[in-house]
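Student: quick check, what structure comes out for this input:
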Amino acid sequence: MTGRPQNSADETKPAFDLRSMQREDWPGVARLIHESTNTWYVSHGRPAVFACPPEDVTLFCSVYEALDPGCCILAEEKRTGRIAASCFYHPRETHVSLGIMNSHPDYAGRGLAGKLLRHITDFADRSGKPVRLVSSAVNLDSFSLYSRHGFVPRQIFQDMILTVPENGLHLDPPGADRVREGRLGDVPAMVALEMDVSGIRREKDFRYFLENAAGIWHVSVLEGAGGTIEGFLVSVAHPASRMLGPGVMRTEEQAAALIHGELNRHRGMQPVWLVPSESPGLVRRMYEWGVRNCEIHFAQARGVWKAPSGIVMPTFMPETG
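Tutor: This is a model prediction of the structure:
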């Protein structure tokens, strides 16, 4: 009987541990997100997502750690201690959201994204909650990964982009006069609106945006009759992310008014936002404003899903899993 060679191929394969992200990991995670995302897009004939330096991408670590401490899982190579993959997740009252997932190109084919995803879906299963995510329709590898793990595409979103003139947009869409700055006192109405429209709750997110301790967020709300909140839209302005969303509105007209208001917070810049393809009037209006499409995203769910009764505008982050 012959034994296996001491230096067999199996023994030379790197082994990995899964662990939670720590504060000292932020620079490494930021480099991972920056490099893996840009590498994937450039290698597929698309422009790099991050024009900023890697250190700016610590934005995601700081924001998500402030919202959900300890909810980023890393795959670390045992021998070198190198961070090979990462995934953020966000437990909420009604669901678990899957956030940014990245695996380094040097570790392609190791199944790390699947291991991270299983860790999070197991957590959600123990909590008895569905899992939701927004994923790129361009990245078929990540789409296949999610499909294998039970996720089902539920909505299609068109990614839209526009260079906002330095002097702003002066389009005066209907309802623009009812858009105002959001206040902390609006949080209960925002929570109730989202629950009614899409069946989810995420109160602490809205408080975080409105408190704006980082100085990068802005929230607009649209008032209906009697001062009710009929829609809201958040935007972020940072070198690593300049986009509109999340947002919830009852009608396409309200969505256009809120988008117009938030675009004027980004004068001279080029924000991106997601518009549901099933809202053709809103899509057409965006084209009339001069926007162009830059990508397509799917809202996916594993478990219970409520079809929205209004307009939802999610946020996203490219996956390289």
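
Student: what's the domain layout of this protein?
Tutor: According to automatic domain parsing, the chain comprises the domains 11-152, 158-313.

Student: can you give me the buried ones in stretch 52-61?
Tutor: 54, 56-61 (16 or more other C-beta atoms under 10 Å). Bear in mind the C-beta positions are built from the backbone N, C-alpha and C, glycine included.

Student: again, but for stretch 70-79
Tutor: Buried residues in stretch 70-79, counted by 16+ other C-beta under 10 Å: 71-77.

Student: list the contacts of it.
Tutor: Defining contact as C-beta atoms under 8 Å, 6 or more residues apart in numbering, one finds that stretch 70-79 is touched by 14-21, 25, 29, 61, 64-65, 82-91, 103, 107, 112, 115-116, 119-120.

Student: per-residue confidence averaged over it?
Tutor: What stretch 70-79 shows for mean pLDDT is 97.

Student: circling back: can you turn the buried part of the contacts of stretch 70-79 into a ChimeraX selection?
Tutor: One line in ChimeraX is enough to select the buried ones among these; burial here means 16+ other C-beta under 10 Å:
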select :16,21,25,29,61,64,65,82,83,84,85,86,87,88,89,90,103,107,112,115,116,120
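
Student: in helices only, show me the buried residues of stretch 70-79.
Tutor: Assignment to helices by DSSP state H places none of these there.

Student: what ranges does the stretch 1-150 of the chain have for its strands?
Tutor: Assigned by DSSP state E, counting those that start in this stretch, the stretch 1-150 of the chain shows strands spanning 16-20, 72-77, 83-91, 96-103, 131-136.

Student: dump those to JSON lines, plus distance to Val275.
Tutor: Output for those, formatted as JSON lines (distance: least, C-beta to C-beta, whole Å):
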{"stretch": "strand 16-20", "distance to Val275": "35"}
{"stretch": "strand 72-77", "distance to Val275": "29"}
{"stretch": "strand 83-91", "distance to Val275": "23"}
{"stretch": "strand 96-103", "distance to Val275": "20"}
{"stretch": "strand 131-136", "distance to Val275": "13"}
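
Student: between those, which one is nearest to Asp205?
Tutor: strand 83-91 (8.2 Å; C-beta to C-beta).

Student: now do the helices in the chain.
Tutor: Using DSSP H, the helices found in the chain span residues 9-12, 26-43, 58-67, 112-127, 140-148, 187-198, 203-211, 252-263, 280-288.

Student: got CSV for those, with distance to Ser220 and mean pLDDT too?
Tutor: Below are the helices of the chain laid out as CSV (distance: least, C-beta to C-beta, whole Å; pLDDT from 0 to 100):
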stretch, distance to Ser220, mean pLDDT
helix 9-12, 56, 53
helix 26-43, 28, 96
helix 58-67, 19, 96
helix 112-127, 32, 97
helix 140-148, 31, 94
helix 187-198, 11, 98
helix 203-211, 11, 97
helix 252-263, 5, 98
helix 280-288, 16, 98
